[in-house]
Every structure is written in C-alpha cells, then in structure tokens.
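3D model of this:
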Amino acid sequence: MTKRTITVTIRIPGIRETIRAYNQLPDDASDEMRVASLRIANVVAVDIRAAARTNPQSALMVPTVRAAKDRVPVIKAGGARRVGRNRVPAYKVLFGSEFGATTLKQYRAFQSGGYWFFETVEKDRDYITTKYLAAAQWVFMKWGRGG
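From the prediction side, this is the model:
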C-alpha cells in the first residue's frame, strides 16, 4: 500500500548519539522524552496549520496536521480523511498544495522547497533544536543518576 501521509522527523545535530544514550536509561526516561518531543511537535504543528491557511488548497490540510508521539519531534499531515467540497482523500491534495503543480490549475506554481509544511519546519528549526536539546539534557540529568 502506498504511503498517504507526510511524516517529518526533525533533524537535530547529535540525535543518533542521543537516542543511543536513551537506550541505556530506564523506560520512564524514554516516556518523559516522548512527552517533551510531543510538546515541541505540537507547537510546530500549530505554526504549520497557520501557514496552511494562506491558500485554499493547503487550508484543506489543516485538520490533518498533527504531532505524533516519539522520542524525537514528529509531525504528520495527510491521510485518508476526506476534505473539500468533493470529499477527496487528503493525500490526493497534500502534495499539490505543498509543492504546487505545473499543469493542474487549482494548485500554485511548482516550487521544489514547498510552500507551507517544509518551509515552516525549516523556519522553526532553531526553536525545535533548542527545546529538544534542553529537554534531553534535563532527562539525562534526572535519569542518568538513577531517577
């Protein structure tokens, strides 16, 4: 089956080493990191929803943008939910609204960098990195010495 959502895992410097270190900590430490990552992803998801409202096609995607619980901030958009007056699945509108199209007139002009989803994630990169590293440091300080 084809993938019907965009899932973005935000890239953070040193993340692989951090996740490797999580594996040495108790499960409760990972749970706390998942909660912190979800909080960060929720803030970014709100920004993405606001950016999506700038165009009628991308505005259809607003209800599908959501944060996912993981050890790193993850945001998803799209899916099989039906949107618009013609009730088409969101995944059929998602990529045209994000990247544009060369032949379909209902979408903006093609732009390889994206219009609202990836552009907003990139804009929020410093916030994401700062908050995530602060949360990771707090979790390691708390659980690194035995909880």
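
excluding chain neighbours, what is closest to residue 54?
residue 116 (6.6 Å; C-beta to C-beta, 6 or more residues apart in numbering). Heads up, the C-betas are built off the backbone N, CA and C, glycines and all.

quick check, the one you found in contact with residue 100.
No. Residue 116 lies out of contact with residue 100 (C-beta atoms under 8 Å); the separation is 10.8 Å.

those two - which one has more neighbours?
Neighbour count, other C-beta atoms under 10 Å: between residue 116 and residue 100, residue 116 has more, with 26 against 18.

who's in contact with the residue nearest to residue 54?
48, 51-52, 54-55, 58, 97-98 (C-beta atoms under 8 Å, 6 or more residues apart in numbering).

ok, now residue 95?
residue 6.

and the helix or strand hosting it, how far out from the chain's middle?
Using DSSP states H and E, residue 95 sits in helix 90-99. Offset of helix 90-99 from its chain centre (C-alpha atoms, centre = their mean, to the nearest Å): 15 Å.

who's in contact with the helix or strand just after that helix?
Sequence order places helix 117-123 as the next helix or strand after helix 90-99, per DSSP H and E. Contact with helix 117-123 is made by 6, 8, 10, 44, 47-48, 51-52, 61, 65, 75, 77, 98, 113, 128, as judged by C-beta under 8 Å, 6+ apart.
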